[in-house]
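Participant: Here is the input, now give the coordinates:
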Amino acid sequence: MTLDHTDRTELLREGGIDHREAMERFCGNEALYERLALKFLDDPHFAELEQALSDKDAQTAYRAAHSLKGVAGNLSLRRLYDQTCRLCDALRASDLDAAERILPDARAAYDAVIRTLDQLRG
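Facilitator: Residues are numbered from 1 along each chain as shown. This is a model prediction of the structure:
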């Protein structure tokens, strides 16, 4: 799928990605941003987070959430970043119940990013 600039920006926005912020961070280098963003499709941190929560391992879950937060922030994956901030706060306090309540919103944000990046990849 070939997208013009407007279509690409709208696609990213719908996926919870702040294109304007990303372009500021990447000095307008769309190709670099796209290359790095597409690498996110192979990022293991969300799966690690889910597994750690399933195992009731707050420390490992926190590390995974914190790593995911950093990647999401750097790539301007705004909705996912916001949810991982909430997860990090809960897990820093070792509040697994709160983290598990937040997880569905984080999963929805993560899935939106993955769908968007799959579309972007074409």
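
Participant: Any idea how far the helix or strand that residue 11 is a member of is from the middle of the chain?
Facilitator: Residue 11 belongs to helix 5-14 when assigned by DSSP states H and E. The chain centre lies 17 Å from the centre of helix 5-14; the measure is CA atoms, centre = their mean, to the nearest Å.

Participant: And the contacts of it?
Facilitator: 3, 18-19, 22, 112, 116, 119-120 (CB atoms under 8 Å, 6 or more residues apart in numbering). To be clear about C-beta, it is placed using only N, CA and C from the backbone, and glycine gets the same treatment.

Participant: Pull out the buried positions in that helix.
Facilitator: 8, 11-12 (16 or more other CB atoms under 10 Å).

Participant: What of stretch 80-95?
Facilitator: Residues 80-88, 90-91 are the ones in stretch 80-95 that count as buried (16+ other CB under 10 Å).

Participant: so can I have TSV of those residues showing pLDDT, distance to residue 99 and secondary structure?
Facilitator: Formatted as TSV, the buried residues of stretch 80-95 follow (pLDDT from 0 to 100; distance: CB to CB, whole Å; DSSP: H, G, I helix; E, B strand; the rest coil):
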residue	pLDDT	distance to residue 99	secondary structure
80	98	15	helix
81	98	16	helix
82	98	15	helix
83	98	11	helix
84	98	11	helix
85	98	12	helix
86	98	9	helix
87	98	6	helix
88	98	9	helix
90	98	4	helix
91	98	5	helix
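
Participant: any idea which of the residues you listed is closest to residue 27?
Facilitator: The closest of the buried residues of stretch 80-95 to residue 27 turns out to be residue 81 (CB to CB; 20.0 Å).

Participant: Let me know the distance separating that closest one from residue 17.
Facilitator: 10 Å (CB to CB, to the nearest Å).

Participant: What of residue 62?
Facilitator: Taking CB to CB, one finds residue 62 at 24 Å from residue 17.
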